[in-house]
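J.: Below are the sequence and a predicted model for it; my questions follow.
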Amino acid sequence: MTKPYLSPDDLPSYKTTQISELLLSQLEEVTKKRFFLACNSVVRILLSSCHWYFKVNSGILMLIMVCHNIESYQNIMTTVPYLAATLKRFANKAKISISSPVNNGIPWIMIIDETLSEDDLPST
């Protein structure tokens, strides 16, 4: 398959690309702060027990979590429904990726693109 040819005039400028990347990274950082504040205190403690961040790829918000020990992984896995419901406040299409310290860190991925019912929403 051949790539379609685009003239340099049809491509975004280097400056435009840099600005887009900067804005995207700022969006990811602000989303992380707001998400953390939207969670209850127990989930905040669990989030603090692992490395986590947000990434936007092709318009899909992804919560990426890397657990460094099996206890934090097990605790995080019990909060997946809560995390999904909270994440739904921030994006209609999202994913949660959780990597465990075992199985060579192969992530478990959940796609969130369906509408959650009232019962699925976290209590405030």
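T.: Received the coordinates, thanks.

J.: Every contact and neighbour count from this point should use C-alpha atoms.
T.: OK.

J.: Settle this for me: E28 is touching I60, isn't it.
T.: No: taking contacts as C-alpha atoms under 8 Å, E28 lies outside contact range of I60: 11.4 Å.

J.: tell me the secondary structure for I111?
T.: strand (DSSP: H, G, I helix; E, B strand; the rest coil).

J.: ok, and what's touching stretch 60-72?
T.: Identification of contacts with stretch 60-72 by C-alpha atoms under 8 Å, 6 or more residues apart in numbering yields 46, 49-56, 73, 91, 93-102.

J.: again, only this time at 7 Å
T.: Stretch 60-72 is contacted from outside by 46, 49-56, 73, 91, 93-101, using C-alpha atoms under 7 Å, 6 or more residues apart in numbering.

J.: try stretch 38-48
T.: F36, S72, I76.

J.: and that stretch, how far from the chain's centre?
T.: Distance, stretch centre to chain centre, for stretch 38-48: 15 Å (C-alpha atoms, centre = their mean, to the nearest Å).

J.: tell me the helices in the chain, going along the chain?
T.: Counting by DSSP state H, the chain has helices at residues 14-38, 41-48, 70-78, 80-88.

J.: Run the angle between the longest one and helix 41-48 for me.
T.: Same thing as helix 14-38. Between helix 14-38 and helix 41-48, the angle comes out at 140 degrees (axes from the mean of the first three to the mean of the last three C-alpha atoms, to 10 degrees).

J.: Tell me which of the contacts of stretch 60-72 fall in strands.
T.: When DSSP state E is applied, the contacts of stretch 60-72 are split such that H51, W52, Y53, F54, K55, V56, A94, K95, I96, S97, I98, S99 fall in strands.
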